[in-house]
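>>> Coordinates for the following, if possible.
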Amino acid sequence: MDNAISSNVLKFADDTKVYRVVDNRFDGILSYRMTWMLSATAAVKWQMKFNVEKCKVVHYGKRGIEFEYSLYGHPLEAVSSEKKDLGVVFSNDLKVRRQCEEAYMQ
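Numbers count the residues shown, from 1 in each chain. Predicted coordinates:
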């Protein structure tokens, strides 16, 4: 899968993260096409289907162009932060506030 798409891929256990820098409209279109390609070929070629309910989009930084993405024709939810991988919170502003709040609550 890593070589078939023009984005970075991170894998952890049964999770896959696909990411790329989107600084302009052209980059956004490439990312949109990449999600379309994943939904079109993952189930057939790799015999792997992504769970759309678990797929999220996080737009990082202030300059990011926020596109709407879809998988299998279903729009992906855009969130401001996501807790993943050993309890680490990934926040769209790249600040550790949410991580500290999560650690405090435990």
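>>> How about Gly28: what's its closest non-neighbour residue?
Phe67 (4.2 Å; CB to CB, 6 or more residues apart in numbering). For glycine as for every other residue, the C-beta is placed from the backbone atoms N, C-alpha and C.
>>> Am I right that that neighbour is in contact with Ser31?
Yes. Under the criterion of CB atoms under 8 Å, Phe67 makes contact with Ser31 at 6.5 Å.
>>> higher neighbour count, the two?
Ser31 (22 against 16; other CB atoms under 10 Å).
>>> so how far is the top helix by length along the chain from its chain's centroid?
Counting by DSSP state H, the longest helix found in the chain is helix 25-45. The chain centroid and the centroid of helix 25-45 are separated by 12 Å under CA atoms, centre = their mean, to the nearest Å.
>>> rewinding a little: find residues that contact each of Phe67 and Ser31.
Val22 (CB atoms under 8 Å, 6 or more residues apart in numbering).
>>> In the protein, what residue spans correspond to strands?
Ranges of strands within the chain are 8-12, 15-19, 56-57, 70-71, 74-75, 77-78, 81-84, 88-91, based on DSSP state E.
>>> For the ones you listed, give me TSV that also has distance to Met37, mean neighbour count and mean pLDDT.
TSV is the format used below for these (distance: least, CB to CB, whole Å; neighbours: other CB atoms under 10 Å; pLDDT from 0 to 100):
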stretch	distance to Met37	mean neighbour count	mean pLDDT
strand 8-12	13	12	77
strand 15-19	10	15	79
strand 56-57	16	18	88
strand 70-71	11	17	84
strand 74-75	16	11	89
strand 77-78	20	14	91
strand 81-84	23	15	78
strand 88-91	24	16	83
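>>> Tell me which of those strands lies nearest to Thr35.
Minimum separation from Thr35 across the strands of the chain (CB to CB) falls at strand 70-71, 5.8 Å.
>>> Each with direction, which strands does the closest one pair with?
strand 74-75 (antiparallel) (DSSP bridges).
>>> Can you tell me what sits against the strand it pairs with?
Contacts for strand 74-75 (CB under 8 Å, 6+ apart): Val52, Glu68, Tyr69.
>>> Looking at those, spot the one nearest Val89.
Closest to Val89, out of all of the contacts of strand 74-75 and judged by CB to CB, is Tyr69, at 21.2 Å.
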